[in-house]
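[1] heads up, no residue letters with this:
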C-alpha cells in the first residue's frame with residue numbers, strides 16, 4: 001500500500017482560457033490522514049476535489065491517488081473512493097433501501113454484502129426508521145445523511161466529503177462528526193467545509209486555498225503558530241481615541257479592532273499578560289479613559305485562517321497597485 005493517499009504535482013486548471021481555477025498546486029496527503037480543505041467560494045476547492053476524483057483533467061501537472069495515476073478513465077481506481085457532493089441528488093421514486101441496494105450493485109457487492117452494509121450504514125446515519133420512505137419526502141439533512149451512507153457502501157479507502165454537515169440538525173451533525181472520529185486512521189478523509197469548528201474537531205491536517213493557490217499545507221498547530229500566543233481585547237469608554245493613540249505610541253503596534261469602542265492588542269512572544277495589562281491600566285488613567293473589560297484569548301483556528309487569507313489578499317492588492 002502506498003504511504004501517500006493523494007499526490008498533486010504542480011497542478012493547474014484553466015477553464016476555457018479565461019479562468020484559472022488552480023495555479024501550480026502541489027501537496028502530499030499521507031494514508032490515514034483526515035484532511036480539512038478550507039477556502040472561500042471560488043477559491044478552487046471544488047476543482048481540486050473533481051481533479052482528485054478523476055471527474056475532470058488538469059490543464060497541467062500530475063495527480064496520483066492511492067498510488068496510481070488518476071485520470072477520467074480510471075474506473076477501477078474510483079471504485080476505491082467514496083464521494084459525497086455538496087448537493088447530492090437521488091432518484092425521487094427510490095427509497096433509502098432501494099438506493100443503497102443500487103449503489104451496492106454498482107460496486108459489485110453480492111446480495112449478502114449489500115444487506116449487511118445497508119443495515120449498518122442506515123443505522124449509523126440515523127435513517128433506520130425512514131429506510132422505506134421515498135427519498136422525495138426526505139429533508140435536506142436526511143438526503144445528506146443518505147449520501148454519507150452511500151459514500152461508505154463500497155468500504156472505500158479514501159473518502160471525499162464536500163460539506164457533509166451542511167443542513168444537518170445539531171444531533172445529526174454531532175453523529176456525523178462522531179462517525180468521522182471513528183474513521184480517523186482507518187481511512188483517508190478529505191473534508192471540505194465552511195464550518196471551521198467541524199474542521200477543528202476532526203481534522204489532523206489542513207489545506208487552505210485562496211484564488212486557486214495553495215496558501216497552507218500542515219497541521220492546525222502550525223497554522224495557529226502564525227498568530228501571537230495571546231491577544232487582549234479591551235472595551236473602553238471616555239477619551240477613546242486619545243487612549244488608542246497613547247497605546248500605539250507606547251506599545252509600538254497598531255490596534256487590530258474595527259470596533260471604535262474596543263482595542264485588540266497582540267502580545268509578542270516575550271511579553272506577559274500581567275505586564276501589558278498593568279501598562280494599559282496606567283495609560284487609561286493618564287488619558288481620561290476607562291477600561292470596562294479585558295478579555296484574554298489564545299490562538300484560534302478561525303483567527304489563523306482569516307489572517308492567512310487577509311494577508312494573501314493584501315499581497316494581491318499590493319501587486320495590482322504597483323507601478
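    Received the coordinates, thanks. Values in this document were obtained by computation on a predicted structure and should not be read as measured data.
[2] Sketch out the low-pLDDT regions of the stretch 201-323 of the chain for me.
    Per-residue confidence for the stretch 201-323 of the chain (pLDDT under 70) gives these ranges: 227-229, 256, 298-300, 314-323.
[3] need the strands for it, in chain order.
    205-210, 213-218, 231-238, 262-266, 289-297 (DSSP state E, counting those that start in this stretch).
[4] which one of these is the most hemmed in?
    strand 205-210 (a mean of 22; mean count of other Cβ atoms under 10 Å). Every C-beta, even on glycine, is put in place using the N, C-alpha and C of the backbone.
[5] Give me the packing partners of that one, helices and strands only.
    For strand 205-210, the helices and strands in contact under the criterion 3 or more Cβ pairs under 8 Å, 6 or more residues apart in numbering; DSSP states H and E are strand 19-30, strand 34-38, strand 213-218, helix 220-224, helix 301-321.
[6] so which of the ones you listed comes closest to residue 175?
    Using Cβ to Cβ as the criterion, the shortest distance between residue 175 and these is 16.6 Å, found for strand 34-38.
[7] circling back to that earlier point, compare the helices and strands packed on strand 205-210 and give me the one nearest residue 248.
    helix 301-321 (19.8 Å).
[8] Pick the most deeply packed of the helices and strands packed on strand 205-210.
    Ranked by average neighbour count under the criterion mean count of other Cβ under 10 Å, the helices and strands packed on strand 205-210 are headed by strand 34-38 at a mean of 24.
[9] tell me which residues of whichever helix or strand residue 6 is part of are tucked away?
    For residue 6, the host element (DSSP states H and E) is strand 4-15. Burial within strand 4-15, assessed by neighbour count using 16 or more other Cβ atoms under 10 Å, is assigned to 4, 5, 6, 7, 8, 11, 13.
[10] which non-adjacent residue is nearest residue 146?
    Leaving aside its sequence neighbours, residue 146 sits nearest to residue 96 (Cβ to Cβ, 6 or more residues apart in numbering; 5.5 Å).
[11] Is there a neighbour count for that neighbour? I'd like the number.
    As a burial measure, the neighbour count of residue 96 was computed by other Cβ atoms under 10 Å and equals 27.
[12] Confirm for me that it is in contact with residue 135.
    Yes. Applying Cβ atoms under 8 Å as the test, residue 96 and residue 135 come out as touching, 6.6 Å apart.
[13] what's the overlap in contacts for the two?
    residue 146 (Cβ atoms under 8 Å, 6 or more residues apart in numbering).
[14] so what's residue 30 bridging to?
    residue 4 (DSSP bridges).
[15] quick one: it and residue 6 touch, right?
    No. Using Cβ under 8 Å, residue 30 is not in contact with residue 6; the gap is 9.2 Å.
[16] And the strands in the stretch 51-200 of the chain?
    Listed from the start of the chain, the stretch 51-200 of the chain has strands (DSSP E, counting those that start in this stretch) covering 60-65, 68-69, 81-84, 158-162, 188-192.
[17] Could you name the helices and strands sitting against the last one?
    Spelled out, that is strand 188-192. The elements that strand 188-192 packs onto, with contact taken as 3+ Cβ pairs under 8 Å, 6+ apart, are strand 4-15, strand 19-30, strand 34-38, helix 45-52, strand 158-162, helix 170-183, helix 196-202.
[18] Indicate which one of the ones you listed is closest to residue 209.
    Nearest to residue 209 among the helices and strands packed on strand 188-192 is helix 45-52 (5.8 Å), distances taken as Cβ to Cβ.
[19] Now tell me what touches the closest one from outside.
    Applying Cβ under 8 Å, 6+ apart, the set of residues contacting helix 45-52 is 6, 8, 11, 13, 21-22, 25, 37-39, 56-58, 63, 65, 70, 86, 160, 162, 190, 192, 209, 212.
[20] mind checking pLDDT for residue 14?
    What the model reports as pLDDT for residue 14 is 94.
[21] And for the one 5 residues further on?
    If you check residue 19, the pLDDT there is 85.
[22] same check, this time on residue 68
    93.
[23] Run a quick neighbour tally on it.
    The number of residues packed near residue 68 is 13, by other Cβ under 10 Å.
[24] need the contact list for the nearest residue to it once chain neighbours are set aside.
    Once flanking residues are discounted, residue 68 sits nearest to residue 77: 5.2 Å by Cβ to Cβ, 6+ apart. Contacts of residue 77 were listed using Cβ under 8 Å, 6+ apart, and they are 54, 65, 66, 68, 70.
[25] If any of the residues you listed are buried, put those into a PyMOL selection.
    The buried subset of these, as determined by 16+ other Cβ under 10 Å, is captured in PyMOL by this line:
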select buried, resi 54+65+66+70
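[26] Tell me which two of the contacts of residue 77 sit farthest apart.
    For the contacts of residue 77, the farthest-apart pair by Cβ to Cβ is 54 and 66; their separation is 11.4 Å.
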